[in-house]
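Visitor: Fold the following, please.
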Amino acid sequence: MTTQPARPAIAELQKLVETSILGQKDLIRSMLIGLLADGHLLLESLPGLAKTRAVKSLAKSLQADMRRIQFTPDLLPADITGTEVLHQQEGKNVFQFQPGPIFGNVILADEINRAPAKVQSALLEAMEERQITVAGKTHPMPDLFMVLATQNPIEQEGTYPLPEAQMDRFLMKVLVDYPDPESEIGVLQLVRKEEAEKTAQAHAQKPEENGEKTKASRSADKSSDKAIAQESLFDARREIDRVHVAPAIEKYVIDLLTATRHPDKYGDSLKKWIQIGSSPRGGISLERTSRVNAWLEGRDHVTPDDVRAVVHPVLRHRLILSYDANAEGVSADGVIDELVKVVAVPA
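Guide: Presented below is the predicted three-dimensional model:
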């Protein structure tokens, strides 16, 4: 067992996020996995399930610059990437690049499926290449760059669904569900407490302008001081790179992918349900997130349980189901459940 010096910092990051997001532990875990795996997430849920709040809390707890982009049908690529702006410099007209909101650390792409294809592709280019090109000049993204895109599963009017090739560029697709009743009671109490603090801070604003620190502002400063430095995240990523993946585990990952591409060899159910299987990028994502899961569990090697822990969010958006699956009401998660049953687990 190797040491994990960066683990306490990441555990503290998780604790900080969990204090402001109640009843969404799976979402928080998925965000941490995406962050540590240096990937991007697609979040799907109904409105009001704390997606935006979770992203804000993650950025605040990580000393990261969070940017929110509200996607709309009239959005242009330059609205997110930035553009060349004409300036006067020493009596001459000079074009200077004005960065767009994409140049942040944690990007919330809200309702990504409401934007037309050109805007979606501009964002996905930045995700894949970690850079954008404007007027022939390349502009790199920050070292810490993570996109969390959201979409509503029930609203289809006025939307532009992401093509499968673009969906494949997301490390994981996370389904966000309602919190349990106990957690929802905690949400009511937490929001009430936050509103009381905001009211107190608003009434104390005038003394603070005269140089006096209020209790609310001191609390905010203290919360900011607790935020985890980005370097701790990079240290954790380096440790994850050293997590051992045995040949048997590698074969297990590939066997899972093979079963999606040749379902007829793994039973009549999969043959009937799967139309198109996962791409090689799915295998890369599955191996990478398995290493992250093992590291979060305190292990220096990957087990089959680590693979199974992340297989649903990694593969659910990489499978194209058949008409029979849709007619029978079989979801991608149901197909993956069957997949895990029929593919042999390494000893």
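
Visitor: can you pull out the strands in the stretch 1-150 of the chain?
Guide: In the stretch 1-150 of the chain, the strands defined using DSSP state E, counting those that start in this stretch lie at 41-44, 66-70, 82-89, 92-99, 106-110, 131-134, 137-140, 146-151.

Visitor: Average pLDDT for the helix or strand just after the last one, rounded please.
Guide: It stands for strand 146-151. Note on strand 146-151: by DSSP states H and E, the next helix or strand toward the C-terminus is helix 164-167. Averaged across helix 164-167, pLDDT comes to 82.

Visitor: which other helices and strands contact the following helix or strand past helix 164-167?
Guide: Of the helices and strands lying after helix 164-167 in sequence (DSSP H and E), the nearest is strand 172-175. Strand 172-175 is packed against helix 25-36, strand 41-44, helix 304-315, with contacts defined by 3 or more C-beta pairs under 8 Å, 6 or more residues apart in numbering; DSSP states H and E. In short, each C-beta sits where N, CA and C put it, glycine included.

Visitor: Burial-wise, tell me which of the ones you listed comes out on top.
Guide: Of all those, strand 41-44 has the most neighbours on average by mean count of other C-beta atoms under 10 Å, namely a mean of 23.

Visitor: if we look at it, which residues are touching it?
Guide: Outside strand 41-44, the residues within contact range by C-beta atoms under 8 Å, 6 or more residues apart in numbering are 27, 30-31, 34, 51, 112, 146-153, 162, 167, 170-176, 317.

Visitor: mind giving me the domain ranges of the protein?
Guide: 7-175, 243-342 (automatic domain parsing).

Visitor: how far does the first one sit from the chain's center?
Guide: For domain 7-175, the distance from its own C-alpha centre to the chain's C-alpha centre is 8 Å (C-alpha atoms, centre = their mean, to the nearest Å).

Visitor: Compute the first-to-last residue distance for that domain.
Guide: Counting by C-alpha to C-alpha, to the nearest Å, you get 26 Å between the two ends of domain 7-175.

Visitor: ok, now the shortest one?
Guide: Distances were taken as C-alpha to C-alpha; on that basis the terminal residues of domain 243-342 are 27 Å apart.

Visitor: okay, the helices and strands packed on strand 172-175 in a markdown table with distance to residue 262 next?
Guide: As requested, those are exported to a markdown table (distance: least, C-beta to C-beta, whole Å):
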| stretch | distance to residue 262 |
| --- | --- |
| helix 25-36 | 28 |
| strand 41-44 | 26 |
| helix 304-315 | 15 |
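
Visitor: how about these in CSV, adding distance to residue 183 and mean pLDDT?
Guide: Listed next are the helices and strands packed on strand 172-175 as CSV, based on distance: least, C-beta to C-beta, whole Å; pLDDT from 0 to 100:
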stretch, distance to residue 183, mean pLDDT
helix 25-36, 9, 93
strand 41-44, 18, 92
helix 304-315, 21, 96
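
Visitor: Could you identify the buried members of the contacts of strand 41-44?
Guide: 27, 30-31, 34, 51, 112, 146-151, 162, 167, 170-176, 317 (16 or more other C-beta atoms under 10 Å).

Visitor: which residue packs closest to residue 183, ignoring adjacent ones?
Guide: Counting by C-beta to C-beta, 6 or more residues apart in numbering, residue 23 is the residue found nearest to residue 183 once chain neighbours are left out, at 2.8 Å.

Visitor: Does that neighbour touch residue 185 like I think?
Guide: No. The criterion here is C-beta atoms under 8 Å, and residue 23 misses it with residue 185 at 9.5 Å.

Visitor: Mind checking which of these two has more residues around it?
Guide: The neighbour comparison of residue 23 against residue 185 (other C-beta atoms under 10 Å) goes to residue 23, with 19 against 13.

Visitor: Any figure for the gap between the residue lying closest to residue 41 once chain neighbours are set aside and residue 108?
Guide: Excluding the flanking residues, the one nearest residue 41 by C-beta to C-beta, 6+ apart is residue 34, at 4.6 Å. Using C-beta to C-beta, to the nearest Å, residue 34 is found at 13 Å from residue 108.

Visitor: do residue 190 as well
Guide: 20 Å.

Visitor: okay, those two: which has more neighbours?
Guide: Neighbours per residue, other C-beta under 10 Å: of residue 190 and residue 108, the larger number sits with residue 108, 25 against 15.

Visitor: residue contacts, that one?
Guide: Residue 108 makes contact with 51-52, 55-56, 66-69, 148, 150 under the criterion C-beta under 8 Å, 6+ apart.

Visitor: Count the neighbours of residue 344 for me.
Guide: By other C-beta under 10 Å, the residues close to residue 344 number 8.

Visitor: And the closest residue to it other than its chain neighbours, which helix or strand is it part of?
Guide: Spatial nearest neighbour of residue 344, excluding adjacent residues (C-beta to C-beta, 6+ apart): residue 255 at 6.9 Å. With secondary structure defined by DSSP H and E, residue 255 is part of helix 247-261.
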